[in-house]
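Chemist: for reference, the sequence and a predicted model appear below.
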Amino acid sequence: MAQATTVEYVTVIATESLSKRFPRVTALDRLSVDITPGVTGLVGANGAGKSTLIKILLGLSPASEGRATVLGLDVAKDGSAIRERVGYMPEHDCLPPDVSATEFVVHMARMSGLPPAAARERTADTLRHVGLYEERYRPMGGYSTGMKQRVKLAQALVHDPRLVLLDEPTNGLDPAGRDEMLGLIRRVHTDFGISVLVTSHLLGELERTCDHVVVIDGGKLLRSSSTRDFTQATASLAVEVTDTAAHPDGTAALRAHLAEAGLTVRPAGRSGDGGPASDHVLLVDVAGDETYDVVRDAIAGLGLGLIRMEQRRHRIAEIFRDDDAHDDAADGHASNDTHGHASDDAPDGDRNATRRSRTSNGSGGAADAA
């Protein structure tokens, strides 16, 4: 009994060589990962296998091979017991338009086994928590996208689960709505002690919300680390300065001055979340404590205004860019070795499937749609 308790509380989800194959695609490829209590982000491009994994964890879709447990229960044998203990927020809209939020959430609570009085009480509390208490009697057909997402979150929480699986909960929301939803998700754990597995392809969201991040790509585990490890400080300074009349391009003037002083300087390039290039930010390699003094003295000597000088931190998006660069280099090397001919060992579709999954911006791929 003590051992079972340890498994349930230390590891809420565990997979071992978990695979899911369809006739034309492998959605999950020998995925092995342990997920502990807290808020965990599941990151991957559309078609990476996120939704397929959730369906397997809920016991709704059988794995082709391997095994997985949720709260110590085997997904192949204990699907009903898992769904009693786990809340699920689906990605797509599934709400009846002519039913009020209260009616719908009470119904879902009753389906989860709560008696009528408890279902009504829990529904009122949960709708208050997600910010829909004042609108709870309106038909959901008149709700905004943000309100509908909150209803889906409420029905996932109403039966007081130990774990909730949230599939792209910020889909369709504007920036303010995304921030509010992310705050709600964080409070699910901090206020109620419920563990959360949240999927997203927006990496910046998970950096702000999650304790741990699992990155999958093409159905394979790319990395599983704490958010702190992903975003640890680098050995570079990010420096941003103002322009002046004497130096209309203050960034260029500072870069030239620091290069003359023997420092390694480069433009920041793209932002960590894949946003537009940061033309006015320089990255300066830190050779020692004296680097800070050299940068400070250079800015003062040029008469520039300092906007910021801070130690740069890694971003989760960099793991994809670094892996892409590695693949591009390997492809280039292979191309030179074979005089530009594709390998006969694997079809082009298989060879390029991972890169397509990384760069896909459209709707969910075959893996998630299947």
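Modeler: Happy to help now that I have it.

Chemist: which intervals of the stretch 251-370 of the chain have sub-threshold pLDDT?
Modeler: For the stretch 251-370 of the chain, the stretches flagged by pLDDT under 70 are 269-279, 313-370.

Chemist: next: the stretch 101-250 of the chain.
Modeler: Using pLDDT under 70, the stretch 101-250 of the chain drops low at 231-234.

Chemist: check the gap between the residue of the chain positioned farthest from its centre and Met309 for me.
Modeler: Ranked by distance from the centre of the chain (CA atoms, centre = their mean), the top residue is Ala246, with 44.8 Å. Separation of Ala246 from Met309 (CB to CB, to the nearest Å): 20 Å. C-betas here are computed from N, CA, C, even on glycine.

Chemist: just Ala124 next, same as before
Modeler: 51 Å.

Chemist: again with Pro96
Modeler: 55 Å.

Chemist: neighbour count winner among those two?
Modeler: Met309 (16 against 12; other CB atoms under 10 Å).

Chemist: does Pro37 sit in a helix, a strand or a coil?
Modeler: Three-state assignment for Pro37 (DSSP: H, G, I helix; E, B strand; the rest coil): coil.

Chemist: quick one: neighbours of Asn46, just the number.
Modeler: 18.

Chemist: need the phi and psi values for it.
Modeler: In terms of degrees, to the nearest 10, the main-chain angles of Asn46 are phi -60, psi 130.

Chemist: tell me the pLDDT at it?
Modeler: Listed pLDDT for Asn46 reads 77.

Chemist: quick check, it in contact with His201.
Modeler: Yes. With contact defined as CB atoms under 8 Å, Asn46 counts as touching His201 (6.2 Å).

Chemist: common neighbours of these two, please.
Modeler: Counting by CB atoms under 8 Å, 6 or more residues apart in numbering, Asn46 and His201 have no contacts in common.

Chemist: mind listing the strands for the stretch 151-300 of the chain?
Modeler: 163-167, 195-200, 212-217, 220-226, 233-241, 265-270, 277-285 (DSSP state E, counting those that start in this stretch).

Chemist: which of these sits closest to Arg186?
Modeler: Minimum separation from Arg186 across those (CB to CB) falls at strand 195-200, 8.4 Å.

Chemist: show me the contact partners of stretch 50-57.
Modeler: Stretch 50-57 has contacts (CB under 8 Å, 6+ apart) with 13, 15, 18, 20, 27-28, 31, 42, 44, 61-63, 68, 70, 75, 82, 86, 88, 91, 165, 167, 197, 199, 216, 219, 364, 367-368, 370.

Chemist: then stretch 251-267?
Modeler: If you take CB under 8 Å, 6+ apart as the criterion, stretch 251-267 is touched by 239-241, 243, 247, 277-285, 287, 291, 294-295, 298-299, 301-302, 304.

Chemist: mind redoing it with 7 Å?
Modeler: 241, 247, 279-280, 282-285, 291, 294-295, 298-299, 302, 304 (CB atoms under 7 Å, 6 or more residues apart in numbering).

Chemist: chain center to it: distance?
Modeler: Stretch 251-267 sits 35 Å away from the centroid of its parent chain (CA atoms, centre = their mean, to the nearest Å).

Chemist: right, I'll leave it there.
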